[in-house]
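1. Predicted model follows, preceded by the sequence.
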Amino acid sequence: MRFTIAAGFTVLALAVSGAAFAQGGATKDAGGPNDACLMCHSDPAAKGATGKSIGLDPKKFAASVHGEMQLPCVACHADVSADKIPHEKVKPVDCSGCHDKAAKEYGTTVHGVARAQGKDVAATCANCHGTHDILRSKDPASRTNHLNLEATCGACHGNEQFVKDAKLPGGNVQAKFHDSIHGRDLRDTKKGMQLAVPECTDCHGAHDIRPKSDEKSRTSRARIPETCGACHARAKSVFDKGEHGKLRQDNNLAAPGCSDCHSAHSIQPHDLPKWKLEVIGTCGNCHGEFITTFRETFHGQVTSLGYANMATCASCHGAHQVLPASNPASKVSKENRLQTCQTCHPKANENFANFDPHANRHDKTRSPLMYYAGKFMDFLLLGVFAFFGLHTVLWAYRSVRVVSERRKRRAGGSNTEEKR
């Protein structure tokens, strides 16, 4: 079917060329289906009546996908014909004539929907693929090549002014991605992982990009573990067995997923000290009571000072396979608690492991000893301040009286001398 259409366009293009030749506008060597068009458009600096460029580079077009196929200009610019030379402004190209599946998918995406609503700034086929220089994705020079997609998407999502004017969600996501572990590995030729590192379309899709609010989106809250698991299968398998994963399998989307802990575009290495410290606060977003009690412990106090070489939430509870203490497989269960402590404290014994890392001095039921010790310390502190406060007031009163009496005695002595 497509071959027949292309053949028909070729015949039309030849007719255009023939008409132009009859008018003396083409050379005797003109024999290609696009020669008539290139007589005007072969100069990249050529401009139309509106001042906009109408030129193209014939060499780039010849090297493009359409050029290799020897596709005639009228295959895309279907409103041009032999009796319309020179022609007026042509209509926007409709790629669906050949790429019907991709065009149909695009129509339902965040970009396609935005353009249907009259938002002309939304990306089109040409914004991502180019126009007369379209190359296959496997070509290193292609805009849609794996290593070039960051720059292609960043043309919009990395342009501060464009992001502001178009009110794009997420802000300058290219800057975040560029400095993330994915962005750095994508540029690191020494690791040799460039083709395995995810870029924009691996997470968001290509012709099926949808907003994260859409349940069909790859980046929707429900599908985030599935999307990340496409590369991180082992972590996904462990996560599914943990408490958070089980809650999500029960459709409890309030439970954290990958992006809640690792973020979306600015993902950092898990062994980075700064990230280790920040993720403590991330756990505290859900576990407020436990983060408060953790901060009061030695571990919490030291991490608050900025030292990452100290036990954090993940050190005791695990990272992806977090399980409740009642589960024998949990790192903090009675069966495994000592072994967990010995990871940092090799000489720890059973008595050491009985220490409560989340002891709460305000909870008499959980920590009675600490509760009463805290009350005693409060009473002692108040008593000390009250005693020495009263002592200071009385001492000040005494000092005032002593000074007053001295002044009186001095005044009395002065009067006696004057009488003499």
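-> It's in.
2. What distance do you get for residue 319 to residue 331?
-> Distance from residue 319 to residue 331, counting by C-beta to C-beta, to the nearest Å: 10 Å. To be clear about C-beta, it is placed using only N, CA and C from the backbone, and glycine gets the same treatment.
3. quick one: which of those two has more around it?
-> The residue with more neighbours, out of residue 319 and residue 331, is residue 331; 21 against 16, by other C-beta atoms under 10 Å.
4. so how many other residues sit close to residue 72?
-> Residues lying near residue 72 (other C-beta under 10 Å) number 26.
5. Same question for residue 263.
-> 15.
6. ok, now how distant is it from residue 291?
-> Counting by C-beta to C-beta - residue 263 and residue 291 are separated by 19 Å.
7. again, but for residue 74
-> Residue 74 is 66 Å from residue 291, by C-beta to C-beta.
8. With neighbour numbers in mind, choose between the two.
-> Taking other C-beta under 10 Å, residue 74 and residue 291 do not tie; residue 74 has more neighbours (24 against 18).
9. secondary structure class for that one?
-> State at residue 74, reduced to three classes by DSSP: H, G, I helix; E, B strand; the rest coil: helix.
10. average model confidence for stretch 344-363?
-> The pLDDT scores in stretch 344-363 average 90.
11. hang on, I meant stretch 403-420
-> Across stretch 403-420, pLDDT averages out at 74.
12. Tell me who's in contact with residue 212.
-> By C-beta atoms under 8 Å, 6 or more residues apart in numbering, the contact list for residue 212 reads 219-221.
13. So for the spatially most central residue of the chain, what's the pLDDT?
-> Nearest to the mean C-alpha position of the chain, by C-alpha atoms, centre = their mean, lies residue 265 at 1.9 Å. Looking at residue 265, its pLDDT reads 95.
14. quick one: which helix or strand includes the residue nearest to it when sequence neighbours are not counted?
-> Nearest residue to residue 265, sequence neighbours excluded (C-beta to C-beta, 6 or more residues apart in numbering): residue 176, at 3.8 Å. Using DSSP states H and E, the element containing residue 176 is helix 173-178.
15. where's residue 201, which helix or strand?
-> helix 200-204.
16. Can you give the distance from that helix to the centre of its chain?
-> A distance of 11 Å separates the centroid of the chain from that of helix 200-204, by C-alpha atoms, centre = their mean, to the nearest Å.
17. Now the helix or strand following it: buried residues?
-> Under the assignment DSSP H and E, the closest C-terminal helix or strand after helix 200-204 is helix 224-229. Buried residues in helix 224-229, defined by neighbour count with 16 or more other C-beta atoms under 10 Å: 224-225, 227-229.
18. What average pLDDT does helix 224-229 get?
-> 96.
19. all helices for the stretch 151-300 of the chain, in order.
-> 160-166, 173-178, 181-187, 200-204, 224-229, 233-241, 243-249, 258-262, 273-284, 288-295, 298-304 (DSSP state H, counting those that start in this stretch).
20. All good on my end, thank you.
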